[in-house]
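Trainee: how does the following fold in three dimensions:
(chains A and B)
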Amino acid sequence: MFLLRPGKVISLFIFVFLIVWACQSSPERDSFSITARARQTANPKSAAFLIQSQDALSQGNYLWALVFIDSAEKYAPHLADVHFERGNILFQVGQVEQAWSAYEKVAALDPYYRSVWFKLGNVAFQQKDHRKALEMYTKELAVADAENKALGREPETDRYCTTDLQLGRTYVELGLTDSAEMIFHESIGLDSSFGEAWGDLAQLYKNEGDFEKALIYARKAFTLNPKSLDYNYLLGLMLFRIGDMEAAVEHLRREVEARPYNPGAYYNLGRALITLGNFSEGQRYLDCTDSIRTLNVQIKLLQGTAESYPDNMSVWQTLGDACYAIGRHEEALQAYRTVLFLDPVNLWAQHRMANLVLKTGDIQGAIHRYEVILGLEPQIADVWVDLGVAHALRGEMVEARWAWRKAISLDPDNVLVKQYLERGKIQP
Amino acid sequence: MISYFKENTCERSVHIQICIFSILFIVGLRCGDAGKVDRAMINKEDIRKIAFTDIAHEAGISVFAHENAAEGDLYFPEPFGSGCAFIDYNNDGWQDILAVGGGFIEEPIEKYVPGLWLFGNNGDGTFTLRTDEAGLNYVTAYGFGLAAADYDNDGDEDFVFTTLRRNMLFRNDNGVFKEVGYQAGLGTIEEWSTGAVFVDGDRDGWLDLYICNYVDWSIEIEPWNSLDGENKAYSMSYLLDGIPNRYYHNNGNGTFSEQTEQVGLSVESGRSLGAAGRDVNQDGWMDILVANDDERNFLYNSNKDGTFSELGRIVGLAYGSGGESASSRSIAGGVIDNSANVAIFFGNISGEMMGVFQHTLTGWFADRRIMSGIGPASKDPMTFGLALIDIEQDGDLDLIAANGHIDTMRTALMDGITYHQKPQLFLNDGRGIFAEVGDDIGGVYSEPMVVRGLAYADIDRDGDVDILILENGGSLHLWRNDSRCGNFLRVKLEGRESNRQGVGARIVAKVEATHLERTITSGGSYLSDSEKTATFGLGRANAVDSLLIYWPNGQVDHHSMVEGNQTVRLVEGSASQ
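Mentor: Alright, predicted model coming up:
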């Protein structure tokens, strides 16, 4: 599965080409190409493993990603790219302290390594060490400035805007809202289409009670990113606050449909509907607020526990299930992936992930996963049931019935499967 | 798939109120709270005038020790107690101290722990333990809260004592208390009760009783909760079922009848920790506010006929404006600016800002957490004791928040959150905008504690308000107010048609163009109760131009030109001189 495919060979050639190109340096660029020089002398096998690691990471195969990085490090222990990638993997699986160490190594090897200070800032932000985060983000900007000056080029808008955004968010966490406001405006000045800055400013003004202003910025953020659920919701909230109920209802309904676990959306939608005279429907949404809020509180507590005990598999399992139950599928997926990182042969997590994949509509992907699980352990009745369901969703009833019969042979009392077999179809 | 809809009946009275609110809502939103947040304008000189001294030791109350029964079992009730109160038990005009002693959870109890401690005020800055002679020495119960009021209108102050099992009602007979809960109709139900409040729900002149209940708990069903998957940790409230609260109607003959459902106070369980009575919409009828843990807060709005309707979500009091969660445990309420609109404060857990909601003319509540200046500073602490008091006697109500976490295992995992926490003093600049000045004042405000109950009274009759604090598993603190304050006026009421102490009466003082307002209340804060005398700070003014008393039964009395720096006793129906 992870052998070099032709596409990857081409990638490797490009990589080598880039290394050669990078060798043609001018004196001014020397101080910014420590890693470039290191790449020149690094064992090419390290590049290959690095690419495979990135590939595995993109597929969510964290363990394999780490395995490949270990191999890459074996061949190029002093190549900053390797440690940077390791930091990325560890950060994604919640091993933030180890991620910090990895990024620190990068910074030690090459203080001008692109985005390393930004990544360190993200780790500090995650750990709620906001002063440290501030320091790191500021350093990233300083590095960017020095690099641009030395290379005689214009500031890279994207890099500055992204860092400014995080810097601004850190200021917000520290309660330094004036500084945050200034930074967000700076990034808009660099790139007026940077929707996140508009959105964060809208949030800031909302928190300050300046709803008229917040509405202006929320509208702009939504215009720039009409698919963004966050901006859609923010706009809905602001419309509600200034009293434009009909417009608010439109946005809030969309939020409730897309993210049925947002209690605030139910709450404000309910109140808006009541204001518009739709009392019964409004009351129903208000009633939902409580139960959803309680589930979210439980998830928040679990998340806190998981952050504090990142190696505790049972906490991640419980968190994954809680997120799954409420519809927070992305977070559920992340939790299950972490379980697999901690225990790669955890079939329970494999099963959960397969179910999630099925929920997202990727039936083929789900079938593949069920088959992998059954290949490892063919005695799990529930997996046969779900495999049958997946086939049935594709109209493959022969395969579906075959899978269900296997399930029944393992679990003769399974009422649901009996119903499937009797009816020849599944309930929606 | 989550089932979104459930049956919901709509009371006609509620529907009508909703319609009215809806019509006005849009206008209200636009007028209510738009505009950028302002900073509090607090004079540094004013801060320097503020001083408190903890006189617990010299007052003789340092013998008190709260027993929380924490012996390693990590039973859920252990971190929650307890409350304290000021009560003039012997009617000598000096405020005495009543404190809940806690106890042991497992039965049979092997060691005697006083369930109640009564310290009599000697009038000279000292207190003497009077538990025995007041008839309270036999009380053993794992107790939580206190609410004090003259429920039988015989001129002395009684109190209700909420516990982990059976609640008790103590009738005061000339300075000696007798437990009459069962005879009075409180029954023998054993359930975990917390906050309580006396309120005249039907304006018949007799104080009714509302008791909060928390969760259905016993040792047998104590949930096993863990933070690391291996070791037991304190449980969470959502792991247990909530129990509905109870409302007892005062029959006027020393007995009560439970009428929770009949008056519309619902059988909905909220995991309630605190309750307060307030006329939030100033229609002359008392409403009931309830602080719930891990559930939305309740506002039981009076229907003006002795019944109530729960409107918290609809009027915007149940959650933050964005539907943010709140795990509330304490309540304070009062008029904090010249608008004459009541503001309600909810003390919440660490990680949640204090809830600050101000009633608007449209009937809706505006979320003022941020704009009041209180929100961000209140986010880290877990607030229990909560009170609005005019600390500097400049006329406006300041906010004191006494804090302390409930779980050392959790605080060990939380960045920046500690188990012992400093109390906070938020000074009001007169516009309803506050600044936290505890660090500037130092002294008692720089001492981290694990506070639960908080009550206030003028213990030395010098015109300013002193503060009593109780720590879970710890001691009592008595903060004597030594601030160099302005002039004052204290108002004590005596009802004739209304209940004897005037509980529920609104007192409005006009000092030139300034509107000052206080309400005689029972309950509020956390599990605690305070004196039934209103204190107005007058600043440099020597008199109150006009004093209006809105009595609970509807009578309105007007008094003109009331001299300051005294305590006046006003009888219902008395006219201006």
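
Trainee: do you know how far A:Ala354 is from A:Ala366?
Mentor: Using C-beta to C-beta, to the nearest Å, we find A:Ala354 at a distance of 5 Å from A:Ala366. Heads up, the C-betas are built off the backbone N, CA and C, glycines and all.

Trainee: shared neighbours of those two, anything?
Mentor: Contact criterion C-beta atoms under 8 Å, 6 or more residues apart in numbering or on different chains; residues bridging A:Ala354 and A:Ala366 by contacting each: A:Asp386.

Trainee: surely B:Gly363 and B:Leu317 touch.
Mentor: No - under the criterion of C-beta atoms under 8 Å, B:Gly363 lies out of contact with B:Leu317, with a separation of 11.1 Å.

Trainee: what is the burial count for the closest residue to chain B within the stretch 251-400 of chain A?
Mentor: Taking C-beta to the nearest C-beta as the measure, the point where the stretch 251-400 of chain A comes nearest chain B is A:Gly264, at 2.9 Å. A count of neighbours around A:Gly264, defined by other C-beta atoms under 10 Å in any protein chain shown, yields 23.

Trainee: what do you get for B:Ile221?
Mentor: When neighbours are counted by other C-beta under 10 Å, B:Ile221 registers 12.

Trainee: beta partners of B:Asn250?
Mentor: B:Phe256 (DSSP bridges).

Trainee: what ranges in the chain fall below the confidence cut-off?
Mentor: No chain in the question, so chain A it is. Low-confidence regions of chain A, defined here as pLDDT under 70, cover residues A:1-32, A:424-428.

Trainee: if you could check chain B rather than the one you did, that'd help
Mentor: Low-confidence segments of chain B (pLDDT under 70): B:1-38, B:267, B:325, B:575-577.

Trainee: surely B:Thr519 touches B:Gly502?
Mentor: No - between B:Thr519 and B:Gly502 there is no contact under C-beta under 8 Å: 9.7 Å.

Trainee: and the two? which has more neighbours close in?
Mentor: Neighbours around B:Thr519 and B:Gly502, counted as other C-beta under 10 Å, are more numerous at B:Gly502. The numbers are 28 against 23.

Trainee: what strand or helix carries whichever residue of chain B sits closest to chain A?
Mentor: Using C-beta to the nearest C-beta, B:Gly323 is the residue of chain B that sits closest to chain A, at 2.9 Å. No secondary structure element spans B:Gly323, as it lies outside all helices and strands (assigned by DSSP states H and E).

Trainee: count of neighbours near it?
Mentor: 25.

Trainee: please apply the same query to the one 3 residues further on.
Mentor: Summarising burial for B:Ala326: neighbours were counted as other C-beta under 10 Å, giving 24.

Trainee: and what of the one 10 residues further on?
Mentor: The local packing of B:Ile336 (other C-beta under 10 Å) involves 26 other residues.

Trainee: re earlier: which one is the residue of chain B closest to chain A nearest to, not counting chain neighbours?
Mentor: On the basis of C-beta to C-beta, 6 or more residues apart in numbering or on different chains, the spatially nearest residue to B:Gly323 that is not a chain neighbour turns out to be A:Gly264, at 2.9 Å.

Trainee: same thing with B:Asp458?
Mentor: Sequence neighbours aside, B:Val465 is the residue nearest to B:Asp458 in space, at 5.7 Å (criterion: C-beta to C-beta, 6+ apart).

Trainee: gap between the one you found and B:Asp390?
Mentor: To B:Asp390, B:Val465 is 7 Å away according to C-beta to C-beta.

Trainee: ditto for A:Glu154
Mentor: For A:Glu154, the distance to B:Asp390 under the criterion C-beta to C-beta works out to 60 Å.

Trainee: which of those two has more neighbours?
Mentor: Neighbours around A:Glu154 and B:Asp390, counted as other C-beta under 10 Å, are more numerous at B:Asp390. The numbers are 24 against 7.

Trainee: can you tell me which residues contact the more buried one?
Mentor: With contacts defined as C-beta under 8 Å, 6+ apart, the neighbours of B:Asp390 are B:Asp396, B:Leu397, B:Asp398, B:Val465, B:Thr535, B:Phe536, B:Gly537.

Trainee: now B:Leu317
Mentor: B:Leu289, B:Asn297, B:Leu299, B:Leu311, B:Ile344, B:Phe357, B:Phe365.

Trainee: SS state for the first one?
Mentor: I take that to be B:Leu289. Each residue gets one of three states, and B:Leu289 gets strand by DSSP: H, G, I helix; E, B strand; the rest coil.

Trainee: can the helix or strand that contains A:Val385 be said to contact chain B?
Mentor: Per DSSP H and E, A:Val385 falls inside helix A:381-393. No - judged by C-beta under 8 Å from any C-beta of the partner chain, helix A:381-393 stays clear of chain B, getting no closer than 15.3 Å.

Trainee: repeat for stretch A:250-258
Mentor: No - applying C-beta under 8 Å from any C-beta, one finds stretch A:250-258 separated from chain B by no less than 9.2 Å.

Trainee: C-alpha coordinates for that stretch, PDB please?
Mentor: As requested, C-alpha coordinates have been extracted for stretch A:250-258 and formatted as PDB (Å, rounded to 0.1, in the frame of the first residue of the first chain):
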ATOM      1  CA  GLU A 250     -32.800  32.000   7.300                       C
ATOM      2  CA  HIS A 251     -29.200  31.800   8.500                       C
ATOM      3  CA  LEU A 252     -30.000  30.200  11.800                       C
ATOM      4  CA  ARG A 253     -32.100  27.400  10.100                       C
ATOM      5  CA  ARG A 254     -29.100  26.700   7.900                       C
ATOM      6  CA  GLU A 255     -26.900  26.400  10.900                       C
ATOM      7  CA  VAL A 256     -29.300  24.000  12.700                       C
ATOM      8  CA  GLU A 257     -29.500  21.800   9.600                       C
ATOM      9  CA  ALA A 258     -25.700  21.700   9.100                       C
END
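
Trainee: quick one: buried residues of that stretch?
Mentor: For stretch A:250-258, the neighbour count (16 or more other C-beta atoms under 10 Å in any protein chain shown) marks A:His251, A:Leu252, A:Arg253, A:Arg254, A:Glu255, A:Val256 as buried.

Trainee: mind putting these into CSV with secondary structure?
Mentor: Supplementary listing: the buried residues of stretch A:250-258 in CSV, determined by three-state DSSP:
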residue, secondary structure
A:His251, helix
A:Leu252, helix
A:Arg253, helix
A:Arg254, helix
A:Glu255, helix
A:Val256, helix
